[in-house]
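Enquirer: this one's sequence-less:
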Ligand SMILES: NC(=O)C1=CN([C@@H]2O[C@H](COP(=O)(O)OP(=O)(O)OC[C@H]3O[C@@H](n4cnc5c(N)ncnc54)[C@H](OP(=O)(O)O)[C@@H]3O)[C@@H](O)[C@H]2O)C=CC1
Ligand SMILES: N[C@@H](CC(=O)OP(=O)(O)O)C(=O)O
């Protein structure tokens, strides 16, 4: 393991929230990153981390002992000047201007918030899918006014988008472009942050609407699955081969883990059989696995043969929530193939993606 001196100092913005708490657990004992600074709102600032999250630490593990007494700061770059990288679990309200201020101050920002996902210069990276999009970062820095030397923003995707695009990427890699995708999500309560959806709304109930979610899934999939232009200055948004995506999003009474039923059709004929699809998913080995990144799962897509799996309660903690689980792969009488995918929304769907993105960026020299 690297010594303390060799580790990169990192900070977490929004460290007290649902995603922020997952960052704490992922970073408290990381072999390459030293968790050095924590930020949250002014109501948490100047308290120790333990004081700031008193009564709202919602993890099964205690607050790591080396973090308990760190002082939470306001999210201003000068409070993070000893850091090389910040991970953002900020609410989308403050995230836009705060993340921009950190980029300007030459920090590398890995964000969960939605604010910069559609920015034409910011990569929207699901680490198990499109780490090649980091190649736009030199251009991003060069286009800022004034240009930055080191500072950039990388975002990761909406949690439901993240679960869906991993198997879709494996299918496109093996069988060529997809034509149509229809997805229904059953999204966990933790996706709405803390305290989130009222118990009177979600117990004994399903809420068939999550504001803005369907539009995000439909748009983000094209940016993630599309490539970069040859000169690495723009995203092609899957325009070479337009793909139609339709999403229905539902909030269900599950604590963690978004389950999604997905139906797809392919441009190339004949379409693959369920057995060929299983083989393609099984052999999918994205870059973080090849690079042996610390937070990468051993298996990107875990296939389940049982007819009633994956399930959120049984499968969300497998590989610390860093991969996706897929089951029920079968022919679709309307499109070509249908299946079920489970993503741990607060892990690969949020904090784990940011951390894995930073690990890949480090391994590929983007943090030098
Ligand atoms: N939950 C999930 O499954 C996913 C969430 N995301 C995104 O990640 C981000 C965080 O989500 P989540 O953890 O669920 O949200 P929470 O509401 O649980 O946490 C929000 C965090 O932002 C901080 N904050 C709020 N306002 C300010 C402010 N004005 N200045 C500085 N800090 C502030 C809060 O600090 P304090 O405690 O002091 O108020 C807290 O640390 C959001 O952008 C969300 O959309 C993305 C994918 C999945
Ligand atoms: N909206 C998602 C979580 C989330 O915060 O998504 P986004 O980062 O795209 O705003 C959910 O409710 O499960």
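Expert: Thanks, I have it. From a predicted model like this one, the values you see are computed outputs, not experimental measurements. Numbering: from 1, shown residues only. Ligands and ions are numbered 1, 2, ... in the order given.
Enquirer: contacting residues for the residue of the stretch 1-150 of the chain found nearest ligand 1?
Expert: Evaluated by Cβ to the nearest ligand atom, the stretch 1-150 of the chain has residue 17 as its residue closest to ligand 1, separated by 2.0 Å. No exception for glycine: its C-beta is placed from N, CA and C like everyone else's. Residues counted as contacts of residue 17 (Cβ atoms under 8 Å, 6 or more residues apart in numbering) are 40, 89, 90, 91, 193, 194.
Enquirer: pretty sure the third one contacts residue 100?
Expert: What it means is residue 90. No - counting by Cβ atoms under 8 Å, residue 90 does not reach residue 100; the two are 11.7 Å apart.
Enquirer: have a look at these two and say which one is more surrounded.
Expert: Per other Cβ atoms under 10 Å, whichever of residue 90 and residue 100 has more neighbours is residue 90, with 27 against 16.
Enquirer: tell me how far that one lies from residue 124.
Expert: The gap separating residue 90 from residue 124 is 17 Å, by Cβ to Cβ, to the nearest Å.
Enquirer: can you flag which of the contacts of residue 17 belong to strands?
Expert: Of the contacts of residue 17, the ones assigned to strands by DSSP state E are residue 40.
Enquirer: any idea how far residue 189 is from the residue in the stretch 251-368 of the chain that ligand 2 sits nearest to?
Expert: Relative to ligand 2, the nearest point of the stretch 251-368 of the chain is residue 345 (5.5 Å; Cβ to the nearest ligand atom). Distance of residue 345 to residue 189, given as Cβ to Cβ: 10 Å.
Enquirer: the two: which is more packed in?
Expert: Ranked by neighbour count (other Cβ under 10 Å), residue 345 and residue 189 place residue 345 first, with 28 against 24.
Enquirer: for the stretch 151-300 of the chain, which segments count as helices?
Expert: All helices of the stretch 151-300 of the chain, identified by DSSP state H, counting those that start in this stretch, fall at 159-175, 199-202, 213-225, 274-282, 287-290.
Enquirer: buried only: go through the contacts of residue 17 for me.
Expert: Neighbour counting with 16 or more other Cβ atoms under 10 Å marks 40, 89, 90, 91, 193 as buried within those.
Enquirer: TSV for these, including distance to ligand 2?
Expert: Below are the buried ones among the contacts of residue 17 laid out as TSV (distance: Cβ to the nearest ligand atom, whole Å):
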residue	distance to ligand 2
40	17
89	10
90	11
91	9
193	7
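Enquirer: enumerate the residues of the stretch 51-200 of the chain near ligand 1.
Expert: Contact residues, the stretch 51-200 of the chain versus ligand 1 (Cβ under 6 Å from any ligand atom): 75, 89-92, 94-95, 112-114, 159, 190-191, 193-194.
Enquirer: equivalent analysis for the stretch 251-368 of the chain, please.
Expert: Listed as neighbours of ligand 1 in the stretch 251-368 of the chain under the rule Cβ under 6 Å from any ligand atom: 345, 346, 349, 350.
Enquirer: so which of those residues belong to strands?
Expert: Using DSSP E, none of these sit in strands.
Enquirer: list only those of the residues you listed flagged as buried.
Expert: 345, 346, 349, 350.
Enquirer: just give me how far stretch 62-80 sits from the chain centre.
Expert: Relative to its chain's centre, stretch 62-80 lies at 22 Å (Cα atoms, centre = their mean, to the nearest Å).
Enquirer: give me the contact list for it.
Expert: With contact meaning Cβ under 8 Å, 6+ apart, stretch 62-80 is reached by 11, 13-16, 24-25, 28-29, 35, 37-42, 44-50, 52-53, 57, 86, 90, 94, 98, 101-102, 104-105, 107.
Enquirer: how about stretch 259-269?
Expert: Residues outside stretch 259-269 that contact it (Cβ under 8 Å, 6+ apart): 160, 163-164, 167-168, 171, 175-186, 241, 252, 271-272, 310-312, 332, 334-343.
Enquirer: what subset of the residues you listed is buried?
Expert: For those, a burial check counting by 16+ other Cβ under 10 Å picks out 160, 163-164, 167-168, 171, 175, 178-186, 252, 271-272, 310-312, 332, 335-343.
Enquirer: does the nearest residue to residue 147 once chain neighbours are set aside belong to a helix, a strand or coil?
Expert: Nearest residue to residue 147, sequence neighbours excluded (Cβ to Cβ, 6 or more residues apart in numbering): residue 141, at 5.6 Å. The three-state label given to residue 141 by DSSP: H, G, I helix; E, B strand; the rest coil is helix.
Enquirer: repeat that for residue 340.
Expert: Assignment for residue 340 (three-state DSSP): strand.
Enquirer: bridging residues for it?
Expert: Assessed by DSSP bridges, residue 340 has beta-bridge partners residue 261, residue 327.
Enquirer: could you pull up the contacting residues of the residue in the chain positioned nearest to ligand 2?
Expert: Closest contact between the chain and ligand 2, by Cβ to the nearest ligand atom, is at residue 191 (2.0 Å). Counting by Cβ under 8 Å, 6+ apart, residue 191 touches 159, 210, 251, 258, 345, 346, 349.
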